[in-house]
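Visitor: Predicted model, plus sequence, below.
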Amino acid sequence: MQAQFARSSLARLLALLLAFVVFAAACGGDDNSDDGSADTTSDSDSGDTGSDDSSDDDAGDAVAPTITAPEEEEVAEEEIQRGGVLRVAMEADGDGINPVANNFANSAYLMGQSIFDPLFTLDQNGDWFPYLAESASPVEGTNSWQITLRQGVTYHDGSEMTADDMIAAFEAQLADPIISLAVAPSFPAENRVEKIDDYTVQYNLLRPSAHFPVNLTSQLGMIPPASYIAAAAEDPTMDQMPIGQGPFKIVSRTQDDKTVLERFDGYWQGTDNIYLDGIEFSPITDTAIASERVAAGDIDLVVTSGPDAILTLRDADSVNTIENLYSGENDIMMNTRAAPFDDIRARQALTYAADRESYAALITQGTSPLADSIFHPDLIWNNPDVVQEGNV
């Protein structure tokens, strides 16, 4: 049982903001907050190591997959500024940027989504469509899915992405004690994946799922080359210097200090719409300080859920803010299998004793609206008939 309090106001989605700065069309992305509020998925970000997986829902009939990306919005030429390095402040650094070996929380996603493109991504309506993948075809209803790659996608090391890389990444994720928690439950013990041809892989699921490609929109869909995966397994220091196929490649990284990326000239979509020369990521754990540096012009971008930082950035005339109210909410989770919360009266007492308005005013300083559900009213999963009774 959960008692809902305030919806998180998380100015997140570096991929979305980079799409404004770097690309002509937004693709979207995902990350997690570090203050205890739920953010995701996808969440738009489904399939990452810390998110709920909606792809496990059973589906009867096969659902025709979406194949084409949404139309790009034209951007006036005078609005485009080419060149320069985007300076990004992160709330913390990650233990690495290898998507088959490291736990991708907020900071790793900020960097990883610049270095790697996913197999699939989501449009503005939350529908998946192929990205590095060329197509997705359900097999035997939706018990299996055949994923076919685009041909000619080049990694930062010059090698071409193939089905062998997909299989190596999948097997490495299954072998990882943490990442496997998000992967293994969806697959049988044997015959989980098959190579159909040089560019096609078949995933055999434990139970039917019409939404399996959603799993491959985030960390689980980020595929390093098989040669890198093998080398990093032998030398974990290589987790800090990943090889991807995204618009930026890593130049240098000093953990807990700075990670430097530069534009990848061999990017599979071309470089005409990659406007930045590079990106620099620096961890600044005090988000209030980070927001002040953004307001002062020392930093170009910060992703934060801290109310002090949000208020500072709102008041800064030179700063453009994007606030996402869809990503999550603050709540109290109760263990209903043990005393005292195995008694519904105890759960009701705590709920009735909680003043949501006072909580929101104290914790979020008015930056977040009250929540009646884990789903924002604008999301398709929200049930408008379920409303909190009073200020509880």
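Guide: That came in fine, so what should we check first? Numbers count the residues shown, from 1 in each chain.

Visitor: Need the nearest residue in space to E262, chain neighbours excluded.
Guide: G278 (4.3 Å; Cβ to Cβ, 6 or more residues apart in numbering). (Glycine included, C-beta is placed from N, CA and C.)

Visitor: mind listing the strands for the protein?
Guide: 2-7, 85-90, 120-122, 128-130, 133-139, 144-149, 193-197, 200-204, 248-254, 258-263, 278-283, 301-302, 329-333 (DSSP state E).

Visitor: residues near T287, how many?
Guide: 24 (other Cβ atoms under 10 Å).

Visitor: now N382
Guide: So N382, with other Cβ under 10 Å, has 14 neighbours.

Visitor: Output the longest helix seen in the chain in PDB with nothing but the alpha carbons.
Guide: Counting residues, the longest helix found in the chain (DSSP state H) is helix 163-175. Output in PDB follows, covering the C-alpha atoms of helix 163-175 (Å, rounded to 0.1, in the frame of the first residue of the first chain):
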ATOM      1  CA  ALA A 163      23.700  -9.500 -34.100                       C
ATOM      2  CA  ASP A 164      26.800 -10.900 -32.400                       C
ATOM      3  CA  ASP A 165      27.000  -7.700 -30.400                       C
ATOM      4  CA  MET A 166      23.400  -7.900 -29.400                       C
ATOM      5  CA  ILE A 167      23.800 -11.400 -28.100                       C
ATOM      6  CA  ALA A 168      27.000 -10.600 -26.300                       C
ATOM      7  CA  ALA A 169      25.300  -7.700 -24.500                       C
ATOM      8  CA  PHE A 170      22.300  -9.800 -23.600                       C
ATOM      9  CA  GLU A 171      24.400 -12.600 -22.200                       C
ATOM     10  CA  ALA A 172      26.600 -10.100 -20.200                       C
ATOM     11  CA  GLN A 173      23.500  -8.500 -18.700                       C
ATOM     12  CA  LEU A 174      22.200 -11.900 -17.700                       C
ATOM     13  CA  ALA A 175      25.500 -12.700 -16.000                       C
END
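
Visitor: from what I can see F212 touches L206, true?
Guide: No - using Cβ atoms under 8 Å, F212 is not in contact with L206; the gap is 11.1 Å.

Visitor: The two: which has the busier surroundings?
Guide: A side-by-side neighbour count of F212 and L206, using other Cβ under 10 Å, places F212 first with 27 against 14.

Visitor: Next, the distance between the ends of stretch 227-242.
Guide: Stretch 227-242 has its terminal residues 11 Å apart, counting by Cα to Cα, to the nearest Å.

Visitor: Averaged pLDDT, it. What do you get?
Guide: For stretch 227-242, mean pLDDT is 98.

Visitor: and it, which residues are buried?
Guide: If you call a residue buried by 16 or more other Cβ atoms under 10 Å, then stretch 227-242 has these buried ones: 228-229, 232-233, 238-242.

Visitor: that older thread, show the contacting residues for the residue nearest to E262.
Guide: 85-86, 248, 251, 260-263 (Cβ atoms under 8 Å, 6 or more residues apart in numbering).

Visitor: Show me how to select, in ChimeraX, the buried members of the residues you listed.
Guide: In ChimeraX, a selection of the buried entries from the contacts of G278 looks like this (16+ other Cβ under 10 Å):
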select :86,248,260,261,263
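
Visitor: any chance of the contacts of G278 in TSV, with distance to D355 and pLDDT too?
Guide: Below are the contacts of G278 laid out as TSV (distance: Cβ to Cβ, whole Å; pLDDT from 0 to 100):
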residue	distance to D355	pLDDT
V85	47	98
L86	42	97
F248	46	99
V251	51	98
V260	47	99
L261	46	99
E262	51	99
R263	51	98
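
Visitor: okay, among the contacts of G278, which ones form the most distant pair?
Guide: L86 and V251 (13.9 Å; Cβ to Cβ).

Visitor: picking up where we left off before, which other helices and strands does the longest helix of the chain contact?
Guide: strand 144-149, helix 180-183, strand 193-197, strand 200-204, helix 226-234 (3 or more Cβ pairs under 8 Å, 6 or more residues apart in numbering; DSSP states H and E).

Visitor: can I assume W128 is in contact with P118?
Guide: No - at 9.8 Å, W128 and P118 do not qualify as touching, with contact defined as Cβ under 8 Å.

Visitor: neighbour-wise, which of the two wins?
Guide: A direct count of neighbours by other Cβ under 10 Å for W128 and P118 places P118 higher, at 29 against 25.

Visitor: Quickly list what that one is bridged to.
Guide: M222 (DSSP bridges).

Visitor: Enumerate every residue touching it.
Guide: Taking Cβ under 8 Å, 6+ apart, one finds 131-132, 216-218, 221-222 in contact with P118.

Visitor: mind checking pLDDT for the nearest residue to T121 once chain neighbours are set aside?
Guide: The shortest distance from T121 to any residue other than its chain neighbours is 4.6 Å, reached at Y131 (Cβ to Cβ, 6+ apart). Y131 carries a pLDDT score of 98 in this model.

Visitor: any chance of the strands of the chain in TSV, with distance to D315 too?
Guide: Output for these, formatted as TSV (distance: least, Cβ to Cβ, whole Å):
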stretch	distance to D315
strand 2-7	21
strand 85-90	18
strand 120-122	32
strand 128-130	38
strand 133-139	43
strand 144-149	47
strand 193-197	52
strand 200-204	49
strand 248-254	32
strand 258-263	28
strand 278-283	23
strand 301-302	15
strand 329-333	23
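
Visitor: so which of these gets nearest L370?
Guide: strand 2-7 (5.9 Å).

Visitor: just for the stretch 201-350 of the chain, where's the confidence low?
Guide: 327 (pLDDT under 70).

Visitor: the helices in it, which residues?
Guide: With DSSP state H, counting those that start in this stretch as the criterion, the stretch 201-350 of the chain has helices at 212-215, 226-234, 287-296, 307-315, 344-353.

Visitor: Quick check: which of the ones you listed is buried the most?
Guide: helix 212-215 (a mean of 27; mean count of other Cβ atoms under 10 Å).

Visitor: mind checking how far that one is from the chain centre?
Guide: Using Cα atoms, centre = their mean, to the nearest Å, the mean C-alpha position of helix 212-215 is found 13 Å from that of the whole chain.

Visitor: Noted, bye for now.
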